[in-house]
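>>> Build me a model from this:
(one chain, ligands or ions: 2)
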Amino acid sequence: MSITINSKLPQVGTTIFTVIGELANQHQAINLGQGFPDFSAPKALLDRVDYHIQQGHNQYAPMAGVASLRDAIAIKIKQQYDREISPDSEVTVTPGATEALYCGITATVTPGDEVIVFDPAYDSYEPAIELSGGRAIHLPLLPPEFSIDWQRVKDAINPRTRMIILNSPHNPTGATLSADDLNALAELVRDTDILLLSDEVYEHLVFDGEIHQSLLLHDELAARAFVVFSFGKTYHVTGWKTGYCIAPAALTAELRKVHQYVTFVAVTPIQLALADFMRDCPEHYQQLPGFYQHKRDLFCDQMSGSRFKFQPTAGTFFQLVDYSEISDLDDRSMAEWLTREKGVAAIPVSVFYKEPPNTKYVRFCFAKEDETLIKAAELLCRI
Ligand code: PMP
Ligand code: GLN
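Residues are numbered from 1 along each chain as shown. Ligands and ions are numbered 1, 2, ... in the order given. Here you go, the predicted model:
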């Protein structure tokens with residue numbers, strides 16, 4: 001018997017992270033593709049997971065997240081962004097930022113709605129918009145800075161516009177929003193019902209003394225925003241898939257209606273361990289900009305002798321490089337060639353576009369041990 005399946009996501013294939021990851025394994029390439037650290041989380045954090053498992057904290061957590069973790073998050077938001085939030089009604093712990101993004105979109109976007117996204121865009125936004133019956137309106141970020149053209153945003157806004165999705169620091173380009181950007185955005189959404197979804201998973205990876213311009217710093221924007229974070233990036237534990245969403249109570253209530261049926265909860269002992277570690281070691285995230293700036297500078301320094309062109313990234317643990325002086329290959333072929341023939345895996349940037357421009361960029365992840373970065377740069381400098 002054959003059954004007909006009407007795919008709800010006919011355009012979607014296997015993500016580039018899986019494709020390049022498998023190719024890197026196959027060719028034993030140094031994997032600077034998918035964004036994950038090759039170093040360990042702090043031992044004290046790992047020990048707390050073990051502790052809570054042994055203590056028997058192995059059953060369902062409360063739907064919104066364990067209370068001690070939501071309290072720790074509220075304290076951190078106050079310290080970091082000077083915003084008072086209610087741990088009960090404005091914080092939801094989710095299995096990864098990905099689930100928070102999905103729930104924020106599907107809880108509020110209805111058929112016929114338009115959602116503005118900026119290309120290149122992280123790959124998880126559009127499928128959630130489509131599954132909600134909405135339509136993504138793709139606006140380009142302007143290279144080489146990959147900044148937002150606010151006039152184009154203004155021109156794109158119409159009565160069907162339901163949401164604008166922002167991502168700063170930005171994956172894959174490393175660009176960051178400025179305070180002026182936030183003010184420009186506020187001006188455009190004032191007196192509308194447009195919601196904001198702000199993906200801020202790289203909040204602590206901002207370099208050169210700049211501060212992260214969170215939407216939580218801006219009263220008007222925070223009042224209409226889901227702001228999404230990930231413990232995976234902050235504590236070097238991407239595999240723990242634990243994140244959280246801060247949103248005003250009314251938006252949080254809608255997000256939780258979806259969250260409680262998508263996953264219901266995030267993993268209990270991990271939440272308890274993160275709460276302990278946030279309380280005992282707040283200096284961890286305060287040291288992150290310096291920690292990653294060292295890695296960025298090391299990688300860029302080592303790559304300065306190569307034929308790749310680049311500007312040191314402003315944020316994230318990704319470095320975009322232009323290979324136009326090296327090859328005419330399209331970026332997907334280039335990433336595969338680098339992985340297969342040159343021993344260093346990279347992510348092509350065109351996959352983050354609806355309509356890829358003919359640019360020649362690939363993305364390298366520098367969340368790696370110094371020796372890994374030195375070895376990778378050595379291989380790249382030989383090209
Ligand atoms: N947003 C962006 C921009 C990301 O780079 C990632 C990284 N994977 C995520 C969301 C998802 O985070 P998580 O692994 O916590 O789901
Ligand atoms: N955010 C990670 C990256 O951009 C990948 C996460 C995933 O594999 N979906 O590399």
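>>> What is the burial count for the residue in the chain positioned nearest to ligand 1?
Ligand 1 sits closest to Gly96 of the chain, with a gap of 2.7 Å, by CB to the nearest ligand atom. Where C-beta positions appear, they are placed from N, C-alpha and C, glycine not excepted. Residues within reach of Gly96, counting by other CB atoms under 10 Å, total 23.
>>> excluding its backbone neighbours, what's nearest it?
Leaving aside its chain neighbours, Gly96 sits nearest to Lys241 (3.8 Å; criterion: CB to CB, 6 or more residues apart in numbering).
>>> who touches the most centrally placed residue in the chain in this structure?
Central residue of the chain (CA atoms, centre = their mean): Val201, 4.6 Å from the mean position. With contact taken as CB atoms under 8 Å, 6 or more residues apart in numbering, Val201 is in contact with 97, 171, 228-230, 232-233, 243.
>>> cool, Phe207 as well?
289, 292-293, 296, 312-315.
>>> separation between it and His27?
Separation of Phe207 from His27 (CB to CB, to the nearest Å): 31 Å.
>>> circling back: filter the contacts of Phe207 down to the ones in strands?
When DSSP state E is applied, those are split such that none fall in strands.
>>> For the residue of the stretch 201-350 of the chain found nearest ligand 2, which non-adjacent residue is spatially closest?
Residue nearest to ligand 2 within the stretch 201-350 of the chain (CB to the nearest ligand atom): Ile347, separated by 6.5 Å. The spatially closest residue to Ile347, leaving aside those adjacent along the chain, is Arg363, at 4.4 Å (CB to CB, 6+ apart).
>>> Which pLDDT does the model give that neighbour?
Per-residue confidence (pLDDT) for Arg363: 98.
>>> what residues does the stretch 101-250 of the chain put near ligand 2?
Selection of the stretch 101-250 of the chain residues close to ligand 2 by CB under 6 Å from any ligand atom yields Asn171.
>>> Mind doing that once more with 8 Å?
122-124, 171-172, 201, 238 (CB under 8 Å from any ligand atom).
>>> Buried ones among those?
For those, a burial check counting by 16 or more other CB atoms under 10 Å picks out 122, 124, 171-172, 201, 238.
>>> Secondary structure added to those residues, as TSV?
TSV is the format used below for these (DSSP: H, G, I helix; E, B strand; the rest coil):
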residue	secondary structure
Tyr122	coil
Ser124	coil
Asn171	coil
Pro172	coil
Val201	coil
Thr238	helix
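>>> ok, which pair from those residues is furthest apart?
Spatially, the most separated pair among those is Pro172 and Thr238, at 15.7 Å (CB to CB).
>>> quick revisit: which helix or strand contains the residue nearest to Ile347?
Per DSSP states H and E, Arg363 falls inside strand 361-365.
>>> Glu130 now?
Assessed by DSSP H and E, Glu130 sits inside helix 125-131.
>>> Tell me which other helices or strands the helix or strand just after that helix touches.
The helix or strand immediately downstream of helix 125-131 is strand 135-140, counting by DSSP H and E. Applying 3 or more CB pairs under 8 Å, 6 or more residues apart in numbering; DSSP states H and E, we find strand 135-140 packed against strand 114-119, helix 125-131, helix 150-156.
>>> Out of these, the one nearest Val351 is which?
Closest to Val351 of the helices and strands packed on strand 135-140, according to CB to CB: strand 114-119, at 10.7 Å.
>>> other SSEs contacting the closest one?
helix 125-131, strand 135-140, strand 161-167.
>>> got the angle between it and strand 161-167?
Counting by axes from the mean of the first three to the mean of the last three CA atoms, to 10 degrees, strand 114-119 points 20 degrees away from the direction of strand 161-167.
>>> Neighbouring strands - and their directions - for strand 114-119?
Strand pairing for strand 114-119, using DSSP bridges, gives strand 135-140 (parallel), strand 161-167 (parallel).
>>> Let me know how buried Asp328 is, in neighbour terms.
By other CB under 10 Å, neighbour count at Asp328 equals 9.
>>> typo on my end, Leu177
Leu177 has 23 neighbours, counted by other CB under 10 Å.
>>> Surely it is in a helix?
No - looking at Leu177 with three-state DSSP, it is coil, so not inside a helix.
>>> what's the closest non-adjacent residue to it?
The shortest distance from Leu177 to any non-neighbouring residue, by CB to CB, 6+ apart, is to Ser168 (4.0 Å).
>>> Wait, the one you found touches Glu200, no?
Yes - taking CB atoms under 8 Å as the definition, Ser168 is a contact partner of Glu200 at 6.6 Å.
>>> what do these two both touch?
Joint contacts of Ser168 and Glu200 (CB under 8 Å, 6+ apart) are His212.
>>> Return the residues in contact with Pro169.
Per CB under 8 Å, 6+ apart, neighbours of Pro169: 175-176, 200, 202-203, 205-206, 212, 314-316.
>>> Give me the subset of those residues that also touch ligand 1.
202, 316.
>>> Specify which member of the contacts of Pro169 is nearest to Gln55.
Glu203 (30.5 Å).
>>> can you pick the most crowded of the contacts of Phe207?
Neighbour counts for the contacts of Phe207 (other CB under 10 Å) peak at Thr313, which has 28 neighbours.
>>> Could you tell me the phi and psi values at it?
Backbone torsions of Thr313, given as degrees, to the nearest 10, read phi -70, psi 150.
>>> Now for the residue lying closest to it once chain neighbours are set aside, how many residues are close by?
In space, and not counting its chain neighbours, Thr313 is closest to Gly174: 3.2 Å by CB to CB, 6+ apart. Residues lying near Gly174 (other CB under 10 Å) number 25.
>>> Touching, Gly174 and Cys300? I think so.
No - if you go by CB under 8 Å, Gly174 and Cys300 don't touch, sitting 11.4 Å apart.
>>> which neighbours do those two share?
Common contacts of Gly174 and Cys300 (CB under 8 Å, 6+ apart): Gln319.
>>> Please consider this matter closed, and thank you.
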